[in-house]
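J.: here you go, sequence then predicted model.
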Amino acid sequence: MAQTRHSVCALDCPDACSLLIDIDETGHGSKLRGNPAHPVTRGFLCGKVARYLEREYSPDRILHPLRRTGKKGEGRFTRISWDEALDEIAHRLKSIATEFGPESVLPYSYAGTMGIINGSGMDRRFFHQLGASRLDRTICSAAGSIAAMETLGAKYGTEPEQFPHAKLIIAWGANILGTNVHLWPFIVEARRNGAKFYTIDPHQNRTGKLSDRHYAIRPGSDTALALAMMHVILAENLEDRAYIDAHTEGFDALKEKVRQWTPQRAAELTGIPAEDIVQLAREYATTEPAIIRLNLGVQRSERGAMAVRAVALLPALTGSWAHIGGGFQLSTSGAFHFNRTGLERPDLQLTSSLGREARLLNMSQLGDALTKVADPPVKALVVYNSNPAAIAPDQNAVRKGLRREDLFTVVLEQFQTDTADFADIVLPATTFLEHSDVYLSYGHYHLQMARAVLPAPGEALPNTEVFRRLAAKMGFEDPCFKDTDEDMIRTTLSSGHPFLEGISFEKLDAEHSVRLSLGDGPFRPFANGFPTASGKCEFHAETLDYQPPVESRLGDKNLLASFPLEMITPKNDDSMNSTFGVRPTVDAQTAILTIHPLDAAFRGIETGDAVRVFNGRGQVLLKSDVAPTVARGVVSSPSVRWPKLARDGNNVNMLTSQRLTDKGGGPAFYSCLVQVEKAGD
């Protein structure tokens, strides 16, 4: 049957990648996948595709406010009106704040929508005015963000449009085909121009299989590899002394520090042969221009911030920041200098009954927040743009907290997720197809506005309207609670920063996608210095060091004796964390554990076998995929499955810990020791 292909701007994606949906002549969709023909989105959505998405998901949508009728976790509800729901929420929040103090209320949200005003607009104002506990939103990129700021002074990087100029591209912990698809066409163009493409990753994923060379690094050992590369570069005088002298600080101390980081020492830690480390360092330092695409998986290790710092120092040693197509990219989000203060209004905390800045609770330790935090304890939880009963680490602790009968839980959702099953009140929320918003990116430098292309189904409302109405029920009188969505967008754009100069609400509304005001030519953020205190890349060699994570093959020997396999849980190619987890194809993809043939043979495991993966925190049943795409001693399972769809009701976050990264308070998802055994049928 003939098919017509339509491009769609997937604005809920952090990189705002284009997608393709193949639609046959009957109008039914057959496939949703990355679109290599659209490297940067254009801020529009095909109406036919939008209607397809509506048909695809509408049978499962939450269309009306719901009140719990069963036990927490059972997911049994009855329909109520919006007034009933908001009256009950307002009454309970007021009562809880009066009895226990407003900090006993905890919001929990992240990136279920990437829109600015539906992600951090009226909701932040509401909780600031209430005096609720603040949420430290660390679940994704906290460690890497801190490291980038310490090293570079800003969360900037090389723009994707420059990648075709590169002669060597290193994807370091970056599954570009799965999680950074808009960059792939530029890499293809670079390779056609003669560039080499290398990957460094514990798992040889789709991207690794297409690379010219793959380096199978052990989980959490990236710092050791970066330091050894510095050792080779400096020992062989391959550095760019002119760039170093002009734009860096602390070079002599760094040179002395890395003397001890020989390739042989790093080989023992990383699993990469010493001769391969030497070859990689030489080629990186002598190829011009060379670029490193580092992604966020590297910083989801116990030593994640140090790893990002070390890798980010490499282009300063080689001077590749000076070249078009050279440098480094982790995130571009720091270039979107919005008026966050005006949008979120943290000053409202001072006019709340609390009268001061509220305490800060780490979302990566939600289990502890709900079961151990006191003075005051968390008595109300409001979840939106997130699914903590799937995505938060140490799920046994999280579920214990969510089951508390004395915890009043409100969930804003489109689908009945595992988290919604624990709610007292569920409110129907719109998707990005059904509300207007503006979107930044951390993979390019285009600011986008998207208008709603579908009417909201049932009684679903945008987050902005839910919190606007709830503020009225609570009696909040500040004029900001009457701001329209357009008012909030205009406030967001009003920072006065040069990067936003000339970008108005009207321009965005007319053009949909506008490049930040970065100048007419290629954006080279650190060609002539850094926005640090010294104006230079500060090596701080005295703080550079590496120690294997506690949960690793070279970590805690007692743990290793019982749980000898290092487990990583990288992002699934066809979903976004738990988003789209309701789809059977996504559920099947996130039910797999890849294990090395030798590790499998030792345990009597063959491809397709049911396996029990366990450690001291919990267990999960998965299906085995025996393949050499992981090194011996490493297992990999894509995340994040909806636990309710698994036969044992668990996902891989039963195994991950609440241990935090070295800086930033991020989750150490990829520092996790487990054991695997055949589970039978």
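T.: Arrived safely.
J.: in stretch 662-677, what counts as buried?
T.: By 16 or more other Cβ atoms under 10 Å, the buried positions in stretch 662-677 come out as 662-676. The way it works is simple: take the backbone N, C-alpha and C, and place the C-beta from them, glycine included.
J.: now stretch 526-543
T.: F526, A527, G529, F530, T532, K536, C537, E538, F539, H540, A541.
J.: ok, stretch 544-552 next?
T.: L544, Y546, Q547, P548, P549, E551, S552.
J.: again with stretch 375-385
T.: P376, P377, V378, K379, A380, L381, V382, V383, Y384, N385.
J.: also stretch 242-252?
T.: Y243, I244, H247, T248, E249, G250, F251.
J.: please apply the same query to stretch 279-286.
T.: L280, A281, E283, Y284, A285.
J.: what about the protein, any weak spots by pLDDT?
T.: 1-59, 681 (pLDDT under 70).
J.: residue nearest the centroid of it?
T.: C140 (3.9 Å; Cα atoms, centre = their mean).
J.: who's in contact with the spatially closest residue to T569 that is not a sequence neighbour?
T.: Closest residue to T569 apart from its sequence neighbours, by Cβ to Cβ, 6 or more residues apart in numbering: S639 at 4.3 Å. Residues in contact with S639 (Cβ atoms under 8 Å, 6 or more residues apart in numbering) are I391, T569, P570, K571, N572, N577, T590, N651, V652, N653, F669.
J.: among those, which are located in helices?
T.: I391 (DSSP state H).
J.: picking that back up, spatially, which two of the buried residues of stretch 242-252 are the most separated?
T.: Y243 and G250 (14.3 Å; Cβ to Cβ).
J.: isn't L454 up against E434?
T.: Yes. In this structure L454 lies within contact range of E434 using Cβ atoms under 8 Å: 5.2 Å.
J.: quick one on the thing from earlier: in helices only, show me the buried residues of stretch 242-252.
T.: Short answer: the buried residues of stretch 242-252 in helices (DSSP H) are Y243, I244, H247, F251.
J.: so what's the third one up against?
T.: This means H247. So H247 contacts A316, W321, F526, N528, G529, F530, K536, C537 (Cβ under 8 Å, 6+ apart).
J.: ditto for M229
T.: I277, L280, A281, Y284, L314.
J.: try it again with 6 Å
T.: Counting by Cβ atoms under 6 Å, 6 or more residues apart in numbering, M229 makes contact with A281.
J.: mind checking the SS state of it?
T.: Three-state assignment for M229 (DSSP: H, G, I helix; E, B strand; the rest coil): helix.
J.: can you pull the contacts of T371?
T.: Listed by Cβ under 6 Å, 6+ apart, the contact set of T371 reads A397, K400, G401.
J.: packing partners for the longest helix seen in the chain?
T.: Longest helix of the chain, by residue count under DSSP H: helix 82-100. Taking 3 or more Cβ pairs under 6 Å, 6 or more residues apart in numbering; DSSP states H and E as contact, the helices and strands that helix 82-100 lies on are helix 463-474.
J.: flag every buried residue along whichever helix or strand comes after the helix it packs on.
T.: Heading C-terminal from helix 463-474, the first helix or strand you meet, by DSSP states H and E, is helix 485-492. Residues D485, M488, I489, R490, T491, T492 are the ones in helix 485-492 that count as buried (16+ other Cβ under 10 Å).
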